[in-house]
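Q: Show me the folded form of this:
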Amino acid sequence: MTRAIVIHETGGPEVMRWEEVDPGAPDAGEVLLRHEAVGLNFIDVYHRTGLYPLPGLPAIIGMEGAGIVEALGDGVTEVAVGDRVAYAGPPPGAYAEKRRIPARLLIRLPEAIPSATAAAMMLQGMTARYLLRGCYPVRAGDTILIHAAAGGVGLIVCQWARHIGATVIGTVGSEEKARLARENGCDHPIVYATGDFPSRVREITGGRGVDVVYDSVGRATFMKSLDCLRPMGMMVSFGQSSGSVAPIDLSILAAKGSLFLTRPSLMTYTARREDLLAHAGDLFDVVGRGAVAVEVRGRYPLAEAARAHQDLEGRRTTGSSILIP
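A: Residues are numbered from 1 along each chain as shown. So this is what the prediction gives:
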């Protein structure tokens, strides 16, 4: 028997319980994975609260982890026993000391990337990859706006976009977070509380607007984000930490400059194994060359996942945080 964080009902952090579980032997196509580190992400909150419904309850949440392959089911060819691997995406189940998982979802880790770093970067880093190269292909000379620039995805996007040659504007919640974003490639951090960010964006861009907005905040920023875009710019809504975006009249997109709007997910962009490997390969490349640095800024015992969620929802975290089994 091993232990895991199990929820029997949706709700606040208090619904997460540290319990004994039996992951069982891997079925055909699966492996038994022993976690060395587990990622902490806002999608875990969405699953815990029921905003993103789980297949059923009781359930183990968590979408990202890294560790050692301990056993193989029949027909597994992607990995071998003893391999160091990481993953990001469904099915949930990462908040556990050990779990069964389909082998096709696992990615072998380069020797230079520790498991703790991998657990902190796979979901956020591959999200950054599809934002910058999938939703809108950012090029040198483009100007982008990234909300929550001091968050896990935000810090990676800032560094990666700056490496490409883009000008990066980022919104943050405090002067301390503005400093952190600036240190990680954000040319123009904007603190929400000190003014109207669309006006500041227009000032920075000489009235033109940005080429693309990456918005994981949702309700609190969505409409103002549209006002930051140049004509025919791209609005990428990829999260909703402040709440779901209200239904909109699509004619608003025409009125504001024939704008484009997408609501993507990593799971779609990495559904095929070749696409998953391409996303991971590009991430390993920029991290390995030092273009993107991933710092684990918070560590919590897995048994204290409730405290980690409280800090995450209270915006007391910056960058990437992990849970240690």
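Q: Now for the most centrally placed residue in the chain: which residues touch it?
A: Closest to where the C-alpha atoms of the chain average out (CA atoms, centre = their mean) is Q124, at 3.1 Å. Counting by CB atoms under 8 Å, 6 or more residues apart in numbering, Q124 makes contact with G39, N41, G152, V153, I156, S320. Where C-beta positions appear, they are placed from N, C-alpha and C, glycine not excepted.
Q: Once you drop chain neighbours, what's closest to it?
A: What sits nearest to Q124 in space, not counting adjacent residues and going by CB to CB, 6 or more residues apart in numbering, is G152, at 4.2 Å.
Q: that older thread, in terms of distance to G62, which of the contacts of Q124 ranks first?
A: Of all the contacts of Q124, G62 sits closest to G39, with 7.4 Å by CB to CB.
Q: What count of nearby residues applies to the closest one?
A: By other CB atoms under 10 Å, 28 other residues sit near G39.
Q: picking that back up, ok, now how distant is the residue nearest to Q124 from S115?
A: Separation of G152 from S115 (CB to CB, to the nearest Å): 17 Å.
Q: Then R3?
A: Per CB to CB, R3 is found 19 Å from S115.
Q: Ok, E9 next?
A: 31 Å.
Q: by contact count, what packs against the helix or strand V212 falls within?
A: Using DSSP states H and E, V212 falls within strand 210-215. Applying 3 or more CB pairs under 8 Å, 6 or more residues apart in numbering; DSSP states H and E, we find strand 210-215 packed against strand 143-146, helix 222-226, strand 229-237.
Q: which of these sits most buried?
A: Using mean count of other CB atoms under 10 Å, the stretch among the helices and strands packed on strand 210-215 with the largest mean neighbour count is strand 143-146, at a mean of 28.
Q: That strand: what's the following helix or strand?
A: Counting by DSSP H and E, what follows strand 143-146 is helix 152-164.
Q: pLDDT averaged over that following helix, what's the number?
A: For helix 152-164, mean pLDDT rounds to 96.
Q: And the next helix or strand past it?
A: strand 167-172.
Q: could I get that following strand in PDB with only the CA atoms?
A: Once non-C-alpha atoms are left out, strand 167-172 reads as follows in PDB (Å, rounded to 0.1, in the frame of the first residue of the first chain):
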ATOM      1  CA  THR A 167       8.900  42.500 -26.600                       C
ATOM      2  CA  VAL A 168       7.200  41.300 -23.500                       C
ATOM      3  CA  ILE A 169       4.500  43.200 -21.500                       C
ATOM      4  CA  GLY A 170       3.300  41.500 -18.400                       C
ATOM      5  CA  THR A 171       0.700  42.200 -15.700                       C
ATOM      6  CA  VAL A 172       1.400  41.300 -12.100                       C
END
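Q: Residues in contact with that strand: which ones?
A: 142-150, 154, 157-158, 161-162, 178, 180-181, 185-192, 197, 201, 204, 210, 221.
Q: that older thread, if you count what's nearby, which of E9 and S115 comes out ahead?
A: Higher neighbour count among E9 and S115: S115, with 20 against 10, using other CB under 10 Å.
Q: per-residue pLDDT, that one?
A: Value listed for S115 in the pLDDT field: 96.
Q: My guess is it contacts R84. True?
A: Yes. With contacts counted by CB atoms under 8 Å, S115 reaches R84, the gap being 6.4 Å.
Q: who touches both of these two?
A: By CB under 8 Å, 6+ apart, the residues touching both S115 and R84 are A66, G67, L109.
Q: which among those gets closest to R129?
A: The nearest member of the shared contacts of S115 and R84 to R129, counting by CB to CB, is L109 at 16.5 Å.
Q: so what's the closest one scoring on pLDDT?
A: 97.
Q: before we move on, back to that, any idea how far A120 is from the residue nearest to Q124?
A: 7 Å.
Q: Need the residues touching each of those two.
A: Residues within reach of G152 and of A120 at once, by CB under 8 Å, 6+ apart, are S320, S321.
Q: What distance do you get for L54 to Y269?
A: 22 Å.
Q: which ones are touching the nearest residue to D196 once chain neighbours are set aside?
A: Closest residue to D196 apart from its sequence neighbours, by CB to CB, 6+ apart: K224 at 7.7 Å. Residues in contact with K224, defined by CB under 8 Å, 6+ apart, are D196, F197, P198.
Q: In the stretch 51-200 of the chain, where is pLDDT below threshold?
A: 194-195 (pLDDT under 70).
Q: try 90
A: Regions of the stretch 51-200 of the chain meeting the criterion pLDDT under 90 cover residues 89, 152, 192-196.
Q: Would you state the helices of it in chain order?
A: Here the stretch 51-200 of the chain has its helices, by DSSP state H, counting those that start in this stretch, at 115-130, 152-164, 175-183, 197-204.
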